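Colleague: test case, fold it:
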Amino acid sequence: MIYKSRYQDVEIPECSITDLVIGAEKSGLALTAVVDGDTGRSATYAELRSHITLFGSYLQGRGLMVGDVVAIMSPNTPWYAAAFHGVLVAGGVVSPLNTQYTAPEVSRQIKDSGARFAIAAPAQADVIRAANCDIDVIVVDDVATSPTPSGYESVELATPAFRPDALAVLPYSSGTTGISKGVLLSQHNVTANVVQLDSLLGLENGGERECVLAVLPFFHIYGMNVIMNHGLYLGARIVTMKRFDLLKMLALIEAQKVTRLYAAPPIVLLLAKDPRVDDFDLSSLRVVVSGSAPLDAGLAEACEMRLGSGTRVVQGFGMTELSPVSHVTPTPEKEPVGASPVPKESVGYALPNTECRLVDHLTGQDVAPGASGELWVRGPQVMQGYHLNKTATDATVDSEGWLHTGDIAVADDEGRFVIVDRLKELIKYKGHQIAPAELEAVLVSHPAIDDAAVLGVPDREGGEIPRAYVVARAGAAISEVDVIEWVAASVAPYKRVREVVMVAAIPKSASGKILRRQLLDSQAPTNKTERS
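Modeller: Residues are numbered from 1 along each chain as shown. Below you'll find the predicted structure:
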């Protein structure tokens, strides 16, 4: 059974993502496009388009060729959009780097992506240099009034011919399992998803301008395409935050009259429970859209009650491989005629041009209506594949174009979907994806560890936390604290192991696959560390 979207298909423009979101009709606008939440410095749409052109010409003058990969490692600033789209108008491909990455993690992505250039804020430039990669590092002062790097020399921008299948973005994702892989997203993928999303999350309030708070990072596909690109497409005023801070977020919502907040469940939890929320006027906030991990219906309702009847708290579903959205709960103005309210536990409707199936992962057959099955998605937002990894691509996208999400869902008779479980082994901590295989590789590199397994266990604050099960080498002295510190030295802070259990053996199948459920059911943690 194929579930089709309740929304009519939309036409995907034959243009670049840059021309879609900030094309000729916006290039002369004096309306504010981006605002630095720390300093208040801003750029209009006209200024932003000019900065994009300048950045693109600078990169070409530096030797950028069509198809070259450019890594960007920076917190959210008004100039991230200039750098991102500057790369694209010059014919390059953006590979965003997580600002929390360590030098080894940076090195792995740069080498795998084949990046020739890296654009970075000063602090992140130091990390890239420490990665010891043969790469041209371009430092952009994240507090400057212009994004133009020092030593800029003007050259005329040579805009490459538009090709819808041209690679635009190369973000990294663990997909349904394993260590991060490069996700090949074309101009058509990214453009399509912005237009699809607009059918359900377009302008509210009779067409008034939106103000979007960019609290989620632009280096993540959610922040990049939903907040930054769709925000620009809306003609919104985007207020940037370099890092999450609850009081700063609340103050910006009040001061900037933010109308739209894209968040992850831990942020929704704070909005619902933290007493400091009452100290701020958040009445401008019309909608909170939660993504990156399932949102509990009770928590969504509690947050709505806390914020007041003028604010809706809804959720959506996506993954990097989907550019990233396949489902979302629409704004009131965009709800289908005659539809009942979307249940709070639901991720909403499939976007236009999107088909879905629910499949029994054991038999490969579609499940009966009302039954749960693995969610498969097909549409123009589905990635081209994984970079230099045909095996992983073939395991994720089948010959008919269906992307197997690894998430278990159920659909109601009005075409709304609820995510109820997942097949994949990924751990979701505060909206971040953590691949157990990556942490296990770090663990077994310790000379005193013979074997290890990592599982996600429920945590009220983070959703899930990584728990390590460790087999110590005979005669070796290693403590739980030693294990935690060893992992922390090699990975980004959000990936750190939070709990450790010392075990005699890791249960495995005959094929060598870790029996994670058996391990979880048979063991209890012996050491807990402070959450962060």
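Colleague: just the helices in the stretch 401-532 of the chain please.
Modeller: Secondary structure of the stretch 401-532 of the chain by DSSP state H, counting those that start in this stretch: the helices cover 436-444, 480-488, 516-522.
Colleague: who touches the last one?
Modeller: Under the contact criterion Cβ atoms under 8 Å, 6 or more residues apart in numbering, helix 516-522 has outside partners 425, 436, 453, 455, 457, 469, 503, 506-507. For the C-beta atoms, the positions are set from N, CA and C on the backbone; glycine is no exception.
Colleague: for that helix, buried residues please.
Modeller: Neighbour counts over helix 516-522 (16 or more other Cβ atoms under 10 Å) mark 516, 519-520 as buried.
Colleague: averaged pLDDT, it. What do you get?
Modeller: Helix 516-522 shows an average pLDDT of 77 in the prediction.
Colleague: quick one on the thing from earlier: let's have the helices of the stretch 401-532 of the chain in TSV, adding distance to Tyr45.
Modeller: Formatted as TSV, the helices of the stretch 401-532 of the chain follow (distance: least, Cβ to Cβ, whole Å):
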stretch	distance to Tyr45
helix 436-444	40
helix 480-488	43
helix 516-522	49
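Colleague: out of those, nearest to Leu250?
Modeller: Leu250 lies closest to helix 480-488 among the helices of the stretch 401-532 of the chain, at 30.0 Å (Cβ to Cβ).
Colleague: which strands or helices does that closest one pack on?
Modeller: helix 436-444, strand 463-472, strand 499-502 (3 or more Cβ pairs under 8 Å, 6 or more residues apart in numbering; DSSP states H and E).
Colleague: buried deepest among the ones you listed, which one?
Modeller: strand 463-472 (a mean of 23; mean count of other Cβ atoms under 10 Å).
Colleague: now tabulate the buried residues of helix 516-522 in JSON lines and tack on distance to Ser27.
Modeller: Putting the buried residues of helix 516-522 into JSON lines (distance: Cβ to Cβ, whole Å) gives the following:
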{"residue": "Arg516", "distance to Ser27": "52"}
{"residue": "Leu519", "distance to Ser27": "57"}
{"residue": "Leu520", "distance to Ser27": "55"}
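Colleague: how close does the closest residue to Val69 other than its chain neighbours sit to Gln109?
Modeller: Nearest residue to Val69 in three dimensions, chain neighbours excluded: Ala115, at 4.3 Å (Cβ to Cβ, 6 or more residues apart in numbering). In this view, Ala115 and Gln109 are 8 Å apart by Cβ to Cβ, to the nearest Å.
Colleague: so what sits against both of these two?
Modeller: The contact lists of Ala115 and Gln109 share 71, 95, where a contact means Cβ under 8 Å, 6+ apart.
Colleague: residues touching the residue nearest to Val69, list them.
Modeller: So Ala115 contacts 69-71, 95, 109, 133, 135 (Cβ under 8 Å, 6+ apart).
Colleague: can we see that at 7 Å?
Modeller: Contact analysis of Ala115 by Cβ atoms under 7 Å, 6 or more residues apart in numbering lists 69-71, 95, 135.
Colleague: about what we covered before: among the buried residues of helix 516-522, which one sits closest to Thr18?
Modeller: Closest to Thr18, out of all of these and judged by Cβ to Cβ, is Arg516, at 43.1 Å.
Colleague: what about Gly456, how many neighbours?
Modeller: For Gly456, the number of neighbouring residues by other Cβ atoms under 10 Å comes to 20.
Colleague: now the closest residue in space to it that isn't next to it in sequence, which residues is it bridged with?
Modeller: Spatial nearest neighbour of Gly456, chain neighbours left out: Ile427 (3.4 Å); criterion: Cβ to Cβ, 6+ apart. Beta-bridge partners for Ile427, by DSSP bridges, are Ile434.
Colleague: look at Ser154 and report its pLDDT.
Modeller: pLDDT, read off for Ser154, is 63.
Colleague: contacting residues around the nearest residue to Ala452 once chain neighbours are set aside?
Modeller: Distances taken as Cβ to Cβ, 6+ apart place Leu443 nearest to Ala452, at 3.7 Å, with adjacent residues excluded. Contacts for Leu443 (Cβ under 7 Å, 6+ apart) come out as 449, 452, 468, 470, 487.
Colleague: try Gly37
Modeller: 239-241, 252.
Colleague: cutoff 8 Å now
Modeller: 213, 239-242, 248, 252, 256.
Colleague: how about Ala30?
Modeller: So Ala30 contacts 44-46 (Cβ under 8 Å, 6+ apart).
Colleague: hmm, back to that, distance check, the residue nearest to Val69 against Thr405.
Modeller: 28 Å.
Colleague: over to Ala166?
Modeller: 26 Å.
Colleague: which one of the two is surrounded by more residues?
Modeller: Neighbour tally, Ala166 and Thr405, criterion other Cβ under 10 Å: the higher count belongs to Thr405, 25 against 17.
Colleague: not counting its neighbours along the chain, what's nearest that one?
Modeller: Closest to Thr405 by Cβ to Cβ, 6+ apart is Leu375, at 4.6 Å.
Colleague: then Leu358?
Modeller: Counting by Cβ to Cβ, 6+ apart, the residue nearest Leu358 is Gly373, at 3.5 Å.
Colleague: isn't that neighbour right next to Thr363, touching?
Modeller: No. Using Cβ atoms under 8 Å, Gly373 makes no contact with Thr363, being 9.8 Å away.
Colleague: just to revisit the earlier point, narrow the contacts of Ala115 to just the buried residues.
Modeller: 69-71, 95, 135.
Colleague: name the nearest of the contacts of Leu443 relative to Leu54.
Modeller: Once Cβ to Cβ is applied, the member of the contacts of Leu443 that ends up nearest Leu54 is Val487, at 42.2 Å.
Colleague: where's that closest one relative to Val454, distance?
Modeller: Val487 is 9 Å from Val454, by Cβ to Cβ.
Colleague: where do the contact lists of those two overlap?
Modeller: 439, 443, 468, 497.
Colleague: OK, contacts around the closest residue to Pro436 other than its chain neighbours?
Modeller: Excluding the flanking residues, the one nearest Pro436 by Cβ to Cβ, 6+ apart is Val454, at 4.0 Å. Neighbour list for Val454: 427, 436, 439-440, 443, 466-469, 497 [criterion: Cβ under 8 Å, 6+ apart].
Colleague: for Arg306, same thing?
Modeller: 271-272, 277.
Colleague: Val94 belongs to a strand?
Modeller: Yes. Assessed with DSSP: H, G, I helix; E, B strand; the rest coil, Val94 lies in a strand.
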